[in-house]
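[1] give me the fold of what follows.
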Amino acid sequence: MPPQRRTPCDRYDLRSKAPVDREISQVLDAFLKAARISKARRVKKPEARTHTFTARIQLHFVRNSEKRKEKEEEDTCSSSESDPDPSCDSEMEVDDAKTFTLKHYPNNRRRLNMPDRLLVVHIETQEKVPLDAIIDAKYMPSDEDAEFQCRVDRWQDPATEDADPNLNWLDLYKNLDPEKRVFSRFFRHIRESHYNGWTDDHVFDSLGWLFNGFSSDEEISFEEHTYLPLTKVRLGKCDDGIYFHNYIVKRKYDETAGRYSFGFPLAVCICKPRIGQRGIARSEITPLLLQANLGYEYNPNREQYPAYLLSQRDWNFRFVKATMSRQEVERLRAKETLSGKMQIQRTRAFNIHHRAERKEFVRAVTGLLRFFEDRPEAAYPMYTSQWFSRVDETEDEAKEQTKEKKPEKQKTEEKKKDPRTNRGTCIVQ
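    Residues are numbered from 1 along each chain as shown. This next block holds a predicted model:
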């Protein structure tokens, strides 16, 4: 008996009380063909891309904030606006080997011997690296993690965020969960899709309220107002160095001093208004460099010196890690060279305007803080900073300006009195 000829319907072993129409087989053929093509053309995750550039950092030390403002105003008047940002909102620029010149005016209130200097940093940057290249995956919380889930729930409120913009905000605020009202300004900006200069402060305030505990035990927390100096002995002493508004540090309440003690700056939080290499050079390089240099000051025998940033631009956050070898830090510190190489890794952007992305951002920050607890830098000695009040600072600066105008004879007589004896000091524990 000759073999029976197979029809297209036989290929799918279809069963029906009536004969299967040929069109059904044709539809199945087309569907499976499209599925095979889609599988063959599956797009891989984008690989990290690398680009290089050079930053020339000019450091001019000033005695007080007034001198710094004068210098910055001079720079603003003389700066050229002929080099605008690129039209596309991209962190990647194809032009390698660019050079960017930056100027900073660190405070040197004690008038130490700190001559001006020019630092040359050769930078190799990797964009869109996986998060586990910066934070070890073992520190990342799972969805079942109670602490993580509690933070996610607190930092979102769909009823408020998705409410009609025409509704009265006070009515929405009254209906907001009392435990979430601390984030009300953040929710309001999300609802209005409105971002301005004040939003930066609200976002970092939200991170502090979300992640900082209220116990007297040691903890890694978000803090405000710090100066990063070039030498370890000046860390936490008044306001010597370069100012940063937000940073991450280990803190502990010192019952003897009646105030908090702080440790080594584990990360700096910055706002990066400009994009691309220019934005990285202007906003990210200096805090990374200062962290690596302070790490060397504490322990000059390590092979590598890492530094970390939480870099914000509008609603987008990136996690940034820089690494410098001991040899490169030493070359940067040496008067004969004053140059070194730095490798930087930057993750993709986490857009916290979207709740799903905000959840992943909270997961990443939770993992980052847990990772910081095990860093060697978290065990470095802590200091208790006793800051001057702004009134005292203004009075001291006024006295200095008045002293400069007095005759030499009167200056000699006043040398017997030390107007600085009542100033605050920094106690290193």
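
[2] switch to C-alpha atoms for all contacts and neighbour counts from now on
    Noted.

[3] average pLDDT for stretch 339-349, rounded please.
    Per-residue pLDDT values over stretch 339-349 give a mean of 96.

[4] buried set for it?
    In terms of neighbour count (16 or more other Cα atoms under 10 Å), stretch 339-349 has its buried residues at Ser339, Gly340, Lys341, Met342, Gln343, Ile344, Gln345, Arg346, Thr347, Arg348, Ala349.

[5] and for stretch 178-185?
    Val182, Phe183, Ser184, Arg185.

[6] distance to Leu102, pLDDT and secondary structure added to those residues, as CSV?
    Output for those, formatted as CSV (distance: Cα to Cα, whole Å; pLDDT from 0 to 100; DSSP: H, G, I helix; E, B strand; the rest coil):
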residue, distance to Leu102, pLDDT, secondary structure
Val182, 37, 92, helix
Phe183, 36, 93, helix
Ser184, 37, 91, helix
Arg185, 34, 90, helix
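
[7] looking at the buried residues of stretch 339-349, which is nearest Tyr139?
    The shortest gap between Tyr139 and any of the buried residues of stretch 339-349 belongs to Thr347, at 16.8 Å (Cα to Cα).

[8] next, that closest one: phi, psi?
    phi -80, psi 180 (degrees, to the nearest 10).

[9] nearest residue to it in space, please, no chain neighbours.
    Distance criterion Cα to Cα, 6 or more residues apart in numbering; nearest residue to Thr347, sequence neighbours excluded, is Lys128 at 4.3 Å.

[10] give me the contact list for stretch 364-373.
    131, 135-137, 139-141, 148, 211, 220-221, 266, 378 (Cα atoms under 8 Å, 6 or more residues apart in numbering).

[11] residue ranges of the helices in the stretch 151-300 of the chain, please?
    With helices called from DSSP state H, counting those that start in this stretch, the stretch 151-300 of the chain shows them at 158-161, 169-175, 184-192, 197-211, 276-283, 285-298.

[12] leaving aside the residues next to it on the chain, what's closest to Lys98?
    Phe53 (4.8 Å).

[13] tell me which strands the strand or helix carrying the one you found pairs with, and in which orientation.
    Phe53 belongs to strand 49-59 when elements are defined using DSSP states H and E. Here strand 49-59 has these sheet partners by DSSP bridges: strand 98-104 (parallel), strand 117-127 (antiparallel).

[14] so where do the helices sit in the stretch 301-429 of the chain?
    Along the stretch 301-429 of the chain, counting by DSSP H, counting those that start in this stretch, helices occupy 326-333, 355-373, 390-405, 408-414.

[15] so what's Tyr247 closest to, chain neighbours aside?
    Counting by Cα to Cα, 6+ apart, Tyr247 lies nearest to Val268, which is 4.2 Å off, once chain neighbours are set aside.

[16] thought that neighbour was touching Phe244?
    Yes. Here Val268 reaches Phe244: they are 7.5 Å apart, a contact under Cα atoms under 8 Å.

[17] how about low-confidence regions in this protein?
    1-28, 31-48, 64-97, 197, 214-217, 237-238, 385-429 (pLDDT under 70).

[18] can you list the domains in it?
    Per automatic domain parsing, the structural domains of the chain span 8-40, 121-384, 390-428.

[19] in TSV, list the ones you listed along with distance to Leu59.
    Listed next are the domains of the chain as TSV, based on distance: least, Cα to Cα, whole Å:
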stretch	distance to Leu59
domain 8-40	55
domain 121-384	10
domain 390-428	22
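
[20] the closest residue to Tyr260 other than its chain neighbours: how many residues sit nearby?
    In space, Tyr260 comes closest to Tyr253 once its chain neighbours are excluded; the distance is 4.2 Å by Cα to Cα, 6+ apart. Using other Cα atoms under 10 Å, Tyr253 has 17 neighbouring residues.

[21] please renumber so the chain begins at 11
    Fine by me, first position is 11 from now on; the one you just mentioned is Tyr263.

[22] and Tyr263, how far is that from Phe214?
    Applying Cα to Cα, to the nearest Å, the value for Tyr263 to Phe214 is 22 Å.

[23] try Tyr393
    Distance of Tyr393 to Phe214, given as Cα to Cα: 24 Å.

[24] now Asp167
    18 Å.

[25] ok, now His114?
    On the measure of Cα to Cα, His114 and Phe214 end up 24 Å apart.

[26] neighbour-wise, which of the two wins?
    Set side by side, His114 and Phe214 show more neighbours around Phe214, with 21 against 17, by other Cα under 10 Å.

[27] residues contacting the more buried one?
    With contacts defined as Cα under 8 Å, 6+ apart, the neighbours of Phe214 are Asn256.

[28] does Pro125 touch Phe71 like I think?
    Yes. Counting by Cα under 8 Å, Phe71 is a contact partner of Pro125 at 7.3 Å.

[29] more crowded one of those two?
    Set Pro125 next to Phe71 and count neighbours by other Cα under 10 Å: Phe71 wins out with 24 against 8.

[30] now the phi/psi pair for that one, please.
    The phi/psi pair for Phe71 (degrees, to the nearest 10) reads phi -80, psi 140.

[31] from Pro116, how far out is it?
    5 Å.

[32] looking at this, Cys160 is in a strand?
    No. Per DSSP: H, G, I helix; E, B strand; the rest coil, Cys160 lies outside any strand segment and is helix.

[33] just give the number of residues close to it.
    Residues contacting Cys160 under the criterion other Cα under 10 Å number 11.

[34] pull the contacting residues for it.
    Taking Cα under 8 Å, 6+ apart as the criterion, Cys160 is in contact with no other residue.

[35] how close does it get to Leu238?
    On the measure of Cα to Cα, Cys160 and Leu238 end up 33 Å apart.

[36] cool, and Glu346?
    With the distance defined as Cα to Cα, Glu346 ends up 24 Å from Leu238.

[37] same deal with Leu186?
    For Leu186, the distance to Leu238 - Cα to Cα - is 39 Å.

[38] please apply the same query to Gln287.
    Per Cα to Cα, Gln287 is found 23 Å from Leu238.
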